[in-house]
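Chemist: got a predicted model here, sequence first, then my questions.
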Amino acid sequence: MDKEENKMTEKVDSENIAPENDSVEIVKIEVSQEELDVKKIKRSQKIGKIAATVGVYIFLIFIAIIVLFPFYWMLNSSLKTIEEYKWTKPSFFPNKLDWANYYEAYKAASLGDLFLHTVYVGLISTVLSLIITVLSAFAFARLDFKGKNAVFAVLLATMMIPGELFTITNYSTIYALGWQNTFSAMIIPFLVSVFYIYLLRQNFLQIPNELYLAAKVDGTSDFKYLLKVMVPLALPTLISITILKMMGAWNTYVWPNLVANDDAHKLITNGLRNAFTAADGTSDYPVQMAAVAIVSAPLFIVFLFLRKYIMKGVSRSGIKG
Amino acid sequence: MVDGKTQWKGWLYLAPALIMLAIFTFWPIINTLYMAFSNGYTSLGSAGGETYSLGIENFIKVIQYKGFVTCLKNTCLLCIITVPVSTILALLISVALNSIKVLNRALQTIYFLPYVTNSIAIGMVFAMMFNIVGLTPNGDSAITWGIINNIIQLFGGKGINWINAGSNYWANMMVMIIYIVWNALPFKILILLGGLQSINKQYYDAAKIDGASRSRILWRITVPLLSPMIAYVVITGFIGGFKEYTSIVGVFGNTMGPAGNPRVLNTIVGFIYDSLSNNNYGRASAAALILFVIIFIVTMLNMYVSKKKVHY
Amino acid sequence: MKRKSFIGCLVALATLATLSGCNKATTGLTNFVIPEGGYDGSEVTITFYHTMGDTTSAPLRSTLDKYIAEFNKTFPNIHVEHEQIGNYDNVRDKIKEQISVGAQPNMAYSYPDHVALYNKAHAVVTLDQFIDDTKEYETTNAAGEKVKYTFGLTKEQKDDFIKGYYDTGKAYGDDLMYSLPYSKSTEVLYYNKTFFENNKLNVPTTWDEMWTLCARIKEIDPSSTPLGYDSANNWFITMCEQMESPYTSAVGNHFLFNNKKNKDWLIDLKEKYKAGYFTTQGLLGTYTSSIFTETATQDATKSYMSIGSSAGATHQRPEKDAEGNYPFEVGIASIPQINPNKPKVISQGPDICIFKNDNPQKVCASWLFLKYITTCVELQAEFGLVSGYVPVLKSVSDNPVYKAAIEKADGGANIAALSAKVCLEQEEAYYTSPAFVGSSTARDEVGSLLEAVVTEQKTIDEAFADAIDECEYAI
């Protein structure tokens, strides 16, 4: 028994030894030797723990440097003159800070308008998209009807088809609807995201069924239950969807460039993209990098402030449930 | 349970989504099928009044084309290498991150940054880092070795021709693997970290009592408990991996390969884009259907494996 | 049960498909005929896609706007809406999609292979009927006066175009005119004049002289790469022209570059590369101008000659030193030839084409605008000076503003003018390659093939066979 006890103490923290006083006193001589060993082991454990922690930090910081380096290089390049950019030996810090690149990228389009258009498209499409997503996810998670699983499987399968292929057909559709150069053309085709429906459905499934049944007994309608119980409970996921959707509006390029590229509807990437091409048809890389930095900055800022929600939301999409 | 009313209700709730999908997803899919099976279909030709016979000529053309085999090989290789590498790396990072308190948030934020960037733009930055300027024909000296080679030389290594003219296929692949893994980490770390935080601490306490070593805890407790999340990142990783394209454009440009060896790194989606830019919508559609079948099979396989291995 | 609902889904989709099938855009791409009475003076808005930017150093769009105002004095009801669509490829991709639904613009910057692509849908208006039209029409100008105008180009106007540029419009094998040249560039040889003078070297006019010179420069500066040729594509194509060996054909069998003459040239070129005589942008890993403008005294690989776009002259000039002087003077000359009596240099830069439209008035209006911007000497002169591109009209060199600028040409501050001067002097040498669907693939392939052969990534036969395979697949 004692031997068992002592074996345990080798691995368990010191607090756990204290209550064993009674039994220890009987075999005092042997134990003092054991105690020494325990102390030794504890010390080496502590050193091991510190070493492990240091190792962990070195590993994590090393990875962080690797992750950050390209961003540093982007900023570095965006502040170089085109001549310095072409240097065969790249400099780690611009010789002369060429802020004009940012001005040039900014000037290439009226950034204020572009910003407004983008926010407008982003907001409207987010709101509509949320409504559709909530309704569909609810149907998939809580309602029972024939063919539900088949429809869900079909929807999931569509996620596997390369979206590039839809472009030409959708473009014909938009044209047939007479929607070129309208905000509708940029908003409506992408309102439904199977991924978001899936994400929210998983979230809804985690809400205990008992709540639903209780509400039914109380005579609450499905819609009211959805609005009053499920939506508030799934709020973090909804916020994450909002952010992902806004990020999408911010980064989209190919489609808006095709359907609505006039000054009254141009989005931010489309506007800035023109800064990418210099007068002689070659690319002015520093200006391009400046443009990328300008486009990325708002996303970074949003991310810094809403980190918690983005992370929670994305990680909620795990398979649980 | 299933009465007439809920039947009707379910479809009502789904109606907005289904209508949109019908117009902007299902119809394009049907049109894709039509284009894929119309021999030699081009949208411009079609606009110009050409008519097409139905058949499988597009598929034959695509499969017989040497370049398509290269695309298939590259896509599969990239998937098979980058998905496990990024998953394991993400797992290690998440576990490490979960074990520390100081700097935890700052590091989490840093790791997530690649998620909010444009992969073409950052690809250009990667290209810049690996680029050698003025490599001599015998490969011994260069004007600039690039920052990565500078680091290798600092440790006494020999500069490697990564992405320039005359470079080796595996060197090219290596660069792409590094970039793709870099790009794939944030999402995976996020998911795995979220999973780790939801693991009940009692499991670890029990393990400590049992005296399990760190690596034993990792493989025997963490990984099984995380298995739903791991399965998820692996499946989405494969689906994303089979659609790899923009990262290669970022590093190698539209030629999809080093100078003198274009398209050596092309992928299936790259092939689809090439066909689209030549207006060969028939071939693009055929390739897309082939890609769909591949992704479908791989996903089913993944699901099958994870059903056996995932602990819920 | 499950299967049934799935089949139901499919049936629904199929119904949808047939419904949407009726929706296919009807294309109004019937052949265009000049209407009786020409342009009737009605209000029309024409759209024009291009790649012109508007930077402080090169305000291209503003320059165009100025001349649109001028054009509107005669045709006040023609409203020109013009738009920058990224780069040339972006313009092509957008228009290509638009044509397939019938939403194309009225006119656009075009390269011959773009026009060949658009013509799969017969979307481009042939310009011959306009050019050859002899009628005189009447319209009311902005001041309310009646003025006469014509569609056709006079013989003087036609002859004023630099022939090589004008011929780009009919490179399609059917002898019809599909576009007019707008702003052009070519390749020129930039050389380090200071170095050449110090070492008493002569500027090479033939390739034989060029290689002898490279050997000589290697003796003077063994670490140098004497020549940088930016575009491997252009090099191959230009050599085909100079050697009079086949490259491509617009009709019949398209790809003719797999021949002994070309192979022999490449085998020889490989030796030159091994000797360290030249590099290209692809081989070097960056613009060749970067080693040409390198001024560090030691430890730097330099080149003393660079063949690149005439529009990029300012990139070939070294940075000013601390005292504000250029470290060396740049000289510009025509590129070396095989046969100096039959010089051949490439012609690059955009043409402008006109698209078919349901409203013939828009087509007429587009032509009037196109005719104006390509034949207006003042516009061509000013645009040339602002953009660094070569004007397409010979008479621009007599324009007082242009003349004054060209007279100031030097290898330092006014290097762009020097480049323009050289281009104008070689007006007889411009050639155009045949254009067809797949011609741009051939262009890219021959460049890659050159780089693959000299770096020995592929044997010469492999490289040619691969390139031909790739080209054949693209059509």
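Modeler: Received the coordinates, thanks.

Chemist: quick check: what element follows the least confident helix or strand in chain C by mean pLDDT along the chain?
Modeler: Ranked by mean pLDDT, DSSP states H and E, the helix or strand of chain C with the weakest confidence is helix C:2-21, at a mean of 44. The C-terminal neighbour of helix C:2-21 among helices and strands, as given by DSSP states H and E, is strand C:44-50.

Chemist: show me what the helix or strand that that following strand is followed by is packed against.
Modeler: Using DSSP H and E, the helix or strand that follows strand C:44-50 in sequence is helix C:60-74. The contact analysis (3 or more Cβ pairs under 8 Å, 6 or more residues apart in numbering or on different chains; DSSP states H and E) places helix C:60-74 against strand C:78-84, helix C:360-375, helix C:377-387. All C-beta atoms are positioned from the backbone trio N, CA, C, and that covers glycine.

Chemist: just checking the distance from the last one to the centre of its chain.
Modeler: I take that to be helix C:377-387. Offset of helix C:377-387 from its chain centre (Cα atoms, centre = their mean, to the nearest Å): 17 Å.

Chemist: also stretch A:100-109?
Modeler: On Cα atoms, centre = their mean, the centre of stretch A:100-109 falls 29 Å from the chain's centre.

Chemist: does chain B have contacts with that stretch?
Modeler: No: using Cβ under 8 Å from any Cβ of the partner chain, stretch A:100-109 stays clear of chain B, coming no nearer than 12.4 Å.

Chemist: equivalent analysis for stretch A:190-209, please.
Modeler: Yes: Stretch A:190-209 comes into contact with chain B (Cβ under 8 Å from any Cβ), by way of A:Phe190, A:Leu191, A:Val192, A:Val194, A:Ile197.

Chemist: ok now that stretch, how far from the chain's centre?
Modeler: 16 Å.

Chemist: list the buried ones in that stretch?
Modeler: A:190-204, A:207 (16 or more other Cβ atoms under 10 Å in any protein chain shown).

Chemist: can you give me the helices in the stretch 151-300 of chain A?
Modeler: Taking DSSP state H, counting those that start in this stretch as the criterion, the stretch 151-300 of chain A carries its helices at A:166-176, A:183-187, A:194-206, A:209-218, A:222-225, A:231-233, A:235-251, A:254-259, A:268-273, A:285-316.

Chemist: CSV for the ones you listed, including mean pLDDT and distance to chain C?
Modeler: Compiled in CSV, the helices of the stretch 151-300 of chain A are given as follows (pLDDT from 0 to 100; distance: least, Cβ to the nearest Cβ, whole Å):
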stretch, mean pLDDT, distance to chain C
helix A:166-176, 83, 4
helix A:183-187, 89, 12
helix A:194-206, 85, 15
helix A:209-218, 82, 23
helix A:222-225, 85, 21
helix A:231-233, 86, 29
helix A:235-251, 79, 16
helix A:254-259, 77, 6
helix A:268-273, 69, 6
helix A:285-316, 74, 9
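
Chemist: ranking these by mean neighbour count, which comes first?
Modeler: helix A:268-273 (a mean of 24; mean count of other Cβ atoms under 10 Å in any protein chain shown).

Chemist: may I ask which two of the buried residues of stretch A:190-209 are separated the most?
Modeler: Spatially, the most separated pair among these is A:Phe190 and A:Ile207, at 27.5 Å (Cβ to Cβ).

Chemist: host element of the residue of the stretch 51-200 of chain B found nearest chain A?
Modeler: Chain A sits closest to B:Gly194 of the stretch 51-200 of chain B, with a gap of 2.3 Å, by Cβ to the nearest Cβ. If you go by DSSP H and E, B:Gly194 is part of helix B:169-197.

Chemist: can you check B:Asn161 too?
Modeler: With DSSP H and E as criterion, B:Asn161 is part of no helix or strand.

Chemist: now do the residue in chain A positioned nearest to chain C, the pLDDT please.
Modeler: Proximity of chain A to chain C (Cβ to the nearest Cβ) peaks at A:Gly147, 3.1 Å away. Note on A:Gly147: pLDDT of 85.

Chemist: same check on C:Glu427?
Modeler: pLDDT, C:Glu427: 86.

Chemist: swap in the one 4 residues further on?
Modeler: C:Tyr431 is assigned a predicted lDDT (pLDDT) of 92.

Chemist: equivalent analysis for C:Ala452, please.
Modeler: 92.

Chemist: isn't it right up against B:Asn261?
Modeler: Yes: assessed by Cβ atoms under 8 Å, C:Ala452 is found in contact with B:Asn261 at 6.1 Å.

Chemist: which one's more surrounded, these two?
Modeler: Each of C:Ala452 and B:Asn261 has its neighbours counted (other Cβ atoms under 10 Å in any protein chain shown); C:Ala452 has more, 28 against 25.

Chemist: does the more buried one belong to a helix or a strand, and which?
Modeler: With DSSP H and E as criterion, C:Ala452 is part of helix C:439-454.

Chemist: could you name the helices and strands sitting against that helix?
Modeler: Packed next to helix C:439-454, using 3+ Cβ pairs under 8 Å, 6+ apart, are helix C:112-118, helix C:232-243, helix C:260-274, helix C:281-284, helix C:460-474.

Chemist: say whether chain A is contacted by the fourth one.
Modeler: No: judged by Cβ under 8 Å from any Cβ, helix C:281-284 makes no contact with chain A; its nearest approach is 9.2 Å.

Chemist: quick one: mean pLDDT over whichever helix or strand comes after that helix.
Modeler: Downstream of helix C:281-284, the first helix or strand assigned by DSSP H and E is helix C:289-292. Mean pLDDT, helix C:289-292: 85.

Chemist: which other residues reach helix C:289-292?
Modeler: A:86-88, B:133-134, B:143, C:190, C:192, C:225, C:228, C:230, C:279, C:284, C:300-306, C:308, C:312, C:315-316 (Cβ atoms under 8 Å, 6 or more residues apart in numbering or on different chains).

Chemist: coming back round to it: can you put the helices and strands packed on helix C:60-74 in JSON lines and add mean neighbour count?
Modeler: Formatted as JSON lines, these follow (neighbours: other Cβ atoms under 10 Å in any protein chain shown):
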{"stretch": "strand C:78-84", "mean neighbour count": "19"}
{"stretch": "helix C:360-375", "mean neighbour count": "23"}
{"stretch": "helix C:377-387", "mean neighbour count": "21"}
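
Chemist: format these as JSON lines; extra columns: mean pLDDT.
Modeler: Shown next, in JSON lines, are the helices and strands packed on helix C:60-74 (pLDDT from 0 to 100):
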{"stretch": "strand C:78-84", "mean pLDDT": "92"}
{"stretch": "helix C:360-375", "mean pLDDT": "95"}
{"stretch": "helix C:377-387", "mean pLDDT": "90"}
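
Chemist: thanks a lot, catch you later.
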